[in-house]
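[1] Only the shape, not the letters, is given here:
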C-alpha cells in the first residue's frame, strides 16, 4: 500500500478523486507554516457578529492544509507563499456558518459513504479498515474524529455550492459563443502610437521637475520598510529546538550558537516584497506591522528549510526629499509626458480615420495614415483569444475589440502596456464545425461549471459583506 502512496501518478489520481468528491474545484484552501506551541484564547475576528476563536481558526487551517496538499501535491509549498491562507480559512468558516443558517447538513451516512468510496482507503477495490487507520495516522497525521469532521464540513460546503448554483444554466448560443472565443482565430491590421517613440525629444528644466515633485510628491512615497536578521536551519528537529529556546526568552545570538548557525542580514524590504535571502512568505508579511525591534518570530518553514527571524529596524513610510530622487522624478515625468503625446497622436489618427470612413470606408489606406501621422502599422498572424501577440502582449483586448467590428471598420484607440492601438479585422479562421459538434458535450459541461463557479464567487462576495457587517 505504501508503495502506491508514494507513486506520483497514483497520488495525482487519488488527489483528484478526493477533490472532486468533496469540494467545488475552485475553492482553494491553505495554511501558514509557523512552528509554534503557543495557545491563544483571544478571538481572532468576528463573522455574522459572532467571534471566531483561535481553535476554530486552527481547525479550519488544518482542513485547508490537507485539502491544499491533496490538490496540489508537490506544488503546495510554492502556492503556500502566494495566498492569504488565514483569509481563506476565515472564508471557509464564513461559508460553514452560512450553510448552518440555511440548515444544510451532512449526515453520518454521507460521511461514511464518502470515506468508503475513497480509493486511497481501499484494497482491491474494497474499503480496508487497516489501510484507513494507517493513512490517517502516518500520512494525514490526524485522529479519525477530526478527519471525519473535515469530511462532513466539506460535504456541507459542496451542498451549499449545489444549492446556490442549482438554477444556473446555459444555452446553445452560450456554448457556441464561448467555443468561438476559445477556438476561432483572427488576424488584425493595426496602427500603433508608442510612448517610447516620443521620449527622445523630451527635456525638462529643474524648475519643471521641482514643480512636478511638489504637486505629486505622494507618488514618491516610500512604504514602511523593515530590516531583519535571521538564522537558517536545515531540519525540523532544529526548528523545534529553536522554538523551545524562543520560549525561554533566549536571544538570537544564543539560539544561533546553540544550533551552530550564522546570523544573516536581510537588508531593507517592504511588507509586499519577498524577504531578501528567504523569499515571499505570507505569514512573515502579515506579522511585520505588529513586530517590535528585537522581537523574534517562531521558526517558519520555506521549502525544506526553517528560518528564525528577528526584527532589526523599522522605518515608517515617508516621502524622500527632491534631491535624493531627482532622477526618479525625471523618469516619472518623462514616462507621463511621452504617454500623453502618444495618446494625443493616436487620437488624431482616429479622427482622420473616422472622417475618411464617412466618405469611403473601403478605401482607407492605413499605411498612408500611419506615414502622415508618424506612426507605425502592421498586420498580425492569426491568433486566438487568450494568446500572446509578439511585440504587443496579451491578445484579449484586441480579440474582443476586433470581434465586434464589421468589415472595413476600425476600433477606437485601445490602450495597452506597449502603447495605443487602432485595429481592423484583417481575416478570420472559423472554427471546425465537425470538431465543434464532437467536443460540444464536454465543452458544454466545462462552460456550465465555469458559470456556476462565477455565480458562487458572486455569492461569496455578497455573503462576505454581510458576514463582516459592511
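    Thanks, I have it. These numbers were taken from a predicted model, which means no experiment stands behind them.

[2] Name the helix or strand for residue 142, please.
    Secondary structure assignment for residue 142, by DSSP states H and E: no helix or strand.

[3] Against residue 272, how distant is it?
    Distance, residue 142 to residue 272, by C-beta to C-beta, to the nearest Å: 34 Å. For the C-beta atoms, the positions are set from N, CA and C on the backbone; glycine is no exception.

[4] These two - which one has more neighbours?
    Remark: of residue 142 and residue 272, residue 142 carries more neighbours, 17 against 8, as counted by other C-beta atoms under 10 Å.

[5] okay but that one is in contact with residue 59, surely?
    No - with contact defined as C-beta atoms under 8 Å, residue 142 does not count as touching residue 59 (10.7 Å).

[6] got any residues that touch both of the two?
    With C-beta atoms under 8 Å, 6 or more residues apart in numbering applied, the contact sets of residue 142 and residue 59 do not overlap.

[7] Touching, residue 466 and residue 48? I think so.
    Yes - assessed by C-beta under 8 Å, residue 466 is found in contact with residue 48 at 7.3 Å.

[8] So those two - more neighbours on which side?
    A count of neighbours by other C-beta under 10 Å puts residue 48 above the other of residue 466 and residue 48, at 16 against 12.

[9] Now for the more buried one: which residues touch it?
    Contact analysis of residue 48 by C-beta under 8 Å, 6+ apart lists 94, 97-98, 101, 466-467.

[10] all helices in the stretch 351-470 of the chain, in order from the N-terminus.
    Secondary structure of the stretch 351-470 of the chain (DSSP state H, counting those that start in this stretch): helices located at 366-373, 396-403, 433-467.

[11] Can you convert those into a markdown table and add a column each for distance to residue 158 and mean pLDDT?
    Listed next are these as a markdown table, based on distance: least, C-beta to C-beta, whole Å; pLDDT from 0 to 100:
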| stretch | distance to residue 158 | mean pLDDT |
| --- | --- | --- |
| helix 366-373 | 54 | 93 |
| helix 396-403 | 32 | 92 |
| helix 433-467 | 11 | 95 |
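
[12] Nearest to residue 120, out of the ones you listed?
    Proximity to residue 120, assessed across the helices of the stretch 351-470 of the chain by C-beta to C-beta, is greatest for helix 433-467 (24.3 Å).

[13] For that closest one, buried residues please.
    If you call a residue buried by 16 or more other C-beta atoms under 10 Å, then helix 433-467 has these buried ones: 436, 443-444, 447-449, 451-453, 455-456, 459-460, 463-464, 467.

[14] Report all helices and strands that that helix contacts.
    Using 3 or more C-beta pairs under 8 Å, 6 or more residues apart in numbering; DSSP states H and E as the contact test, the elements touching helix 433-467 are helix 85-101, helix 144-165, helix 172-183.

[15] what stretches of this protein score poorly on pLDDT?
    1-42, 77-83, 470 (pLDDT under 70).

[16] Could you pull out the strands in it for me?
    For the chain, strands defined by DSSP state E occupy the ranges 45-47, 50-52, 122-123, 126-127, 185-193, 225-233, 264-270, 300-302, 305-315, 376-379, 388-389, 393-394, 414-416, 419-429.

[17] Out of those strands, flag the one nearest residue 293.
    Of all the strands of the chain, strand 305-315 sits nearest to residue 293, with 5.4 Å by C-beta to C-beta.

[18] need the helices and strands packed on helix 433-467 in CSV with distance to residue 76, can you?
    Shown next, in CSV, are the helices and strands packed on helix 433-467 (distance: least, C-beta to C-beta, whole Å):
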stretch, distance to residue 76
helix 85-101, 11
helix 144-165, 17
helix 172-183, 29
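
[19] between those helices, which one is nearest to residue 423?
    Residue 423 lies closest, by C-beta to C-beta, to one member of the helices and strands packed on helix 433-467: helix 172-183, at 16.8 Å.

[20] which parts of the closest one are buried?
    Neighbour counts over helix 172-183 (16+ other C-beta under 10 Å) mark 175, 178-179, 181, 183 as buried.

[21] which one among those residues gets closest to residue 316?
    Among the buried residues of helix 172-183, residue 181 lies closest to residue 316 (C-beta to C-beta), at 48.3 Å.

[22] related to what we said a few turns ago, any idea which of the helices and strands packed on helix 433-467 gets closest to residue 301?
    Nearest to residue 301 among these is helix 85-101 (13.2 Å), distances taken as C-beta to C-beta.

[23] and that closest one, what does it pack onto?
    strand 45-47, strand 50-52, helix 54-72, helix 144-165, helix 433-467.

[24] Turn the ones you listed into a markdown table, columns for distance to residue 125.
    Formatted as a markdown table, the helices and strands packed on helix 85-101 follow (distance: least, C-beta to C-beta, whole Å):
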| stretch | distance to residue 125 |
| --- | --- |
| strand 45-47 | 42 |
| strand 50-52 | 42 |
| helix 54-72 | 21 |
| helix 144-165 | 20 |
| helix 433-467 | 27 |
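
[25] right, and those - which one's nearest residue 282?
    Minimum separation from residue 282 across those (C-beta to C-beta) falls at helix 54-72, 12.1 Å.

[26] Next one: the residue of the chain positioned farthest from its centre from residue 408, what distance?
    In the chain, the residue that sits farthest from the middle, by C-alpha atoms, centre = their mean, is residue 359; the gap is 48.6 Å. If you measure residue 359 against residue 408 using C-beta to C-beta, the figure is 12 Å.
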